[in-house]
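Visitor: Just the structure for this:
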Amino acid sequence: MRWIAEAARLLRPGGRLVFHTASVLAAMCRPGDSPARRELHRPQREARRPLGGRGVEYHPGHGEWISALAAAGAAIDALHELYAPPGTTDRPYYQIAIARWSRQWPVEDIWIAHRTAT
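Guide: Residues are numbered from 1 along each chain as shown. From the prediction side, this is the model:
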């Protein structure tokens, strides 16, 4: 997660860092490249490991994100765990989770932090 330190370095004191990730819960509930299911398919510690398939996924837990942000001199302003709104339907291009799953559990996270004065 060296990119966090580099992003924080480029920010002026008070500058905001906003980023989006897939939720660690969605990563733990995905059996390989299939959409998330109701069951846990891998332990949280293994969600950090890259998955095979068409790309690489890396999903640290919230505690690890908090530690990385703090080490980079950033203070967390907000964490928004995103759910699909009611009435959402499945989309063929969205492969992390189906709409029904993502209405019940957070499928994505939005982190907002700012660089503290140094």
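Visitor: For the rest of this, base every contact and every neighbour count on C-alpha atoms.
Guide: Fine.
Visitor: export the host helix or strand of residue 19 as CSV, just CAs?
Guide: Using DSSP states H and E, residue 19 falls within strand 16-22. C-alpha atoms of strand 16-22 as CSV (Å, rounded to 0.1, in the frame of the first residue of the first chain):
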residue,chain,number,x,y,z
ARG,A,16,-8.1,15.5,0.6
LEU,A,17,-7.5,11.9,-0.4
VAL,A,18,-10.6,10.1,-1.7
PHE,A,19,-10.5,6.6,-2.9
HIS,A,20,-12.8,3.7,-3.7
THR,A,21,-12.3,0.0,-3.0
ALA,A,22,-14.3,-3.2,-3.1
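Visitor: buried stuff in that strand?
Guide: For strand 16-22, the neighbour count (16 or more other Cα atoms under 10 Å) marks 16-17, 22 as buried.
Visitor: How about residue 99: what's its closest non-neighbour residue?
Guide: residue 90 (5.1 Å; Cα to Cα, 6 or more residues apart in numbering).
Visitor: For the one you found, grab the count of nearby residues.
Guide: Neighbour count for residue 90, taken as other Cα atoms under 10 Å: 13.
Visitor: Quick one: low-confidence residue ranges for this structure.
Guide: Applying pLDDT under 70 to the chain flags residues 48-57, 118.
Visitor: where along it do the helices fall?
Guide: According to DSSP state H, the chain carries its helices in the segments 2-10, 24-29, 62-71, 99-104.
Visitor: Would you give the sheet partners of the strand holding residue 19, along with the direction of each?
Guide: strand 108-115 (antiparallel) (DSSP bridges).
Visitor: Contacts only, for the most centrally placed residue in the chain.
Guide: The structure's the chain has its C-alpha centroid closest to residue 21; by Cα atoms, centre = their mean the separation is 2.8 Å. Applying Cα atoms under 8 Å, 6 or more residues apart in numbering to residue 21 gives the contacts 59, 108-110.
Visitor: If burial is judged by neighbour count, which of the residues you listed pass?
Guide: The buried subset of those (16+ other Cα under 10 Å) comprises 59, 108-109.
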